[in-house]
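**Q** Here is the input, now give the coordinates:
(chains A and B)
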Amino acid sequence: MTGAGMSGAGFAGGEAARRSAASLLGSLTGDAVVLRIATPPVGDSDAEELGLGSPEFQDVALTPALVRVSSTNKTTVLIAASAVEAALGVDGAEAVELALKSACFVQVSDDMLQVAQVERRAVFGRAYLYRLLLKTPETR
Amino acid sequence: MSVVDGFQNAKDTFYVTLRDRLAALNADRTVVVRGATRPAVAVAENEISLGTGTDPVNAFVLRWTGFAVDTSDALPLLKAQCEISFATEGSAEMAGMDRGRTLSAMGEEMRGMLHPATVPKQSFAVSPAVTLATQVFWDAPVFGPVKETADRISRMVTVEVFAWKEAA
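**A** Below is the predicted model of the structure:
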C-alpha cells in the first residue's frame, strides 16, 4: 500500500511496526487504563474561563495496556498507537499527544494518576507505541 | 462578604480585559484548552489543576495573591497582586533559537494588554455581563528577571490591581 509522499517500503515498515506492537501487547496483557478527559468548553460562553461552570468528563478506556511500576514507584503505561488512535478517535502524532496530555486523570486499577510525560515511538515517521509516564497528583 | 468575594468581579473583569486586548493585539497568540482554541490568557485558579509546572507555553497565566483592603474611605478599596507568568520554548522551525525574541514579543504584548490601566468593572455572574458603577485600575507592571530551564525561558510580571468594593 502506498500513498502520496510515502515510499512503499517505508509505509509498509511503519504499518508492520504498528501491527506488531498491537499484537505483542495484546498477547502480553489484557489490562486497561482509563483516561478521564474533560469535554471542550461549550460555545462562546465565558463561564468555564471564569470558574463559573465546570466541564463534563468522559472516560476513555485504553486497552491492551501494559502497566509497569518501577522500584522507585514510577508508573509507566505502554499502549499500541493503533489502540490509542481508535479509542480517542484522533489521528496524527500531535493530536494524539495533545489528547493524552490533556487527560485530567488516568485510572490504573484503583489509583487515579496524572500524565507526567508522553513519549512516542515511531518507525518511518509512523507512531507504533505510546509510553505514558504517570505521576501521583500533588497533595498539600 | 469577605474581601476575596468582594474582589471577584474585579478579577473577572481584569482577566476578560487582558484576554480581549490580547486578541486585538495578536490574534495568532492562542492556546488550546480542552480542545478549544482561545486567546492565550488563562487564570490558573479557574482551570483544571494538573499540578505545578504544567502552565502552557506561549500563553499568559494569571495567579492572584496578596489581598488587602483599605477602609479609610467611604467605599473600601480592595487591592490584590496579580502574578502573570509567561514562558516559551521558541518555535520548532527555528529549533528554539527564537525563544529570546518570542519572550520579548510576549513582553511587549504584556505591556499592550495593560494599557490603558483602567477599565469599567463588570459582573459576569449574570449573562450578559452587567457594567457596574466603578472602575478596576492597576499600577505599572513590574517585570521580573528572565529564568531559563532546559529549553524553556520564562518571566513573571506582577501587577497591583485595585477596585472599589461596591454596595450589594
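**Q** Packing partners of the strand or helix carrying B:P120?
**A** B:P120 is located in strand B:118-123, with elements delineated by DSSP states H and E. On a contact count with 3 or more C-beta pairs under 8 Å, 6 or more residues apart in numbering or on different chains; DSSP states H and E, strand B:118-123 meets helix B:8-25, strand B:130-138. (Each C-beta comes from the backbone N, C-alpha and C, glycine too.)
**Q** what pLDDT does the residue most central in space within chain A get?
**A** With distances taken as C-alpha atoms, centre = their mean, A:L100 lies nearest the centre of chain A, 4.5 Å away. In this model, A:L100 is scored at 88, pLDDT.
**Q** three-state assignment of it?
**A** helix (DSSP: H, G, I helix; E, B strand; the rest coil).
**Q** Kindly report the same for B:A105.
**A** Classification of B:A105 using three-state DSSP returns helix.
**Q** So A:L66 is in contact with A:V77, correct?
**A** Yes - the criterion here is C-beta atoms under 8 Å, and A:L66 meets it with A:V77 at 7.0 Å.
**Q** more crowded one of the two?
**A** Neighbours were counted for A:L66 and for A:V77 using other C-beta atoms under 10 Å in any protein chain shown; A:V77 has more, 20 against 17.
**Q** Quick check: beta-bridge partners of the more buried one?
**A** Under the criterion DSSP bridges, A:V77 forms beta bridges with A:V67, A:L132.
**Q** Sticking with the most centrally placed residue in chain B, tell me its helix or strand.
**A** Geometric centre of chain B, nearest residue: B:L62, 4.2 Å, by C-alpha atoms, centre = their mean. Secondary structure from DSSP H and E places B:L62 in strand B:60-70.
**Q** now the angle between helix B:8-25 and that strand, please.
**A** 150 degrees (axes from the mean of the first three to the mean of the last three C-alpha atoms, to 10 degrees).
**Q** Chain A contacts on chain B?
**A** Neighbours of chain A within chain B, by C-beta under 8 Å from any C-beta of the partner chain: B:12, B:15-16, B:19, B:32-36, B:38, B:42-43, B:45-46, B:48, B:50-52, B:124-125, B:127, B:129.
**Q** List the contacts of B:T131.
**A** Listed by C-beta atoms under 8 Å, 6 or more residues apart in numbering or on different chains, the contact set of B:T131 reads B:120-122.
**Q** out of the residues you listed, who has the most neighbours?
**A** Within the contacts of B:T131, most neighbours by other C-beta under 10 Å means B:K121, with 21 neighbours.
**Q** surely that residue meets B:V130?
**A** No - B:K121 lies out of contact with B:V130 (C-beta under 8 Å); the separation is 9.9 Å.
**Q** one step back: name the nearest residue to the residue nearest to the centre of chain A, ignoring sequence neighbours.
**A** A:V118 (4.8 Å; C-beta to C-beta, 6 or more residues apart in numbering or on different chains).
**Q** tell me the contacts of the one you found?
**A** A:97, A:100-101, A:130-133.
**Q** Quick check on it: phi, psi?
**A** phi -120, psi 130 (degrees, to the nearest 10).
**Q** Pairing partners for it in the sheet, please.
**A** Applying DSSP bridges to A:V118 gives these bridge partners: A:L132.
**Q** Test for you: state the pLDDT assigned to it.
**A** At A:V118, the model reports a pLDDT of 92.
**Q** gap between it and B:A92?
**A** Using C-beta to C-beta, to the nearest Å, A:V118 is found at 16 Å from B:A92.
**Q** Kindly report the same for A:Y128.
**A** According to C-beta to C-beta, A:Y128 and B:A92 sit 22 Å apart.
**Q** Next: B:I48.
**A** Between B:I48 and B:A92 the computed distance is 26 Å (C-beta to C-beta).
**Q** Those two: who's more crowded?
**A** The neighbour comparison of B:I48 against B:A92 (other C-beta under 10 Å) goes to B:I48, with 15 against 7.
**Q** got a list of what that one touches?
**A** A:38, A:55, A:104, B:34.
**Q** got the phi/psi numbers for the last one?
**A** Geometry field for B:R34 lists phi and psi as phi 50, psi 50, criterion degrees, to the nearest 10.
**Q** how many other residues sit next to it?
**A** With neighbours defined by other C-beta under 10 Å, the count for B:R34 comes to 15.
**Q** mind checking how far the helix or strand harbouring B:S154 is from the chain centre?
**A** Using DSSP H and E, B:S154 sits in strand B:152-164. The chain centroid and the centroid of strand B:152-164 are separated by 7 Å under C-alpha atoms, centre = their mean, to the nearest Å.
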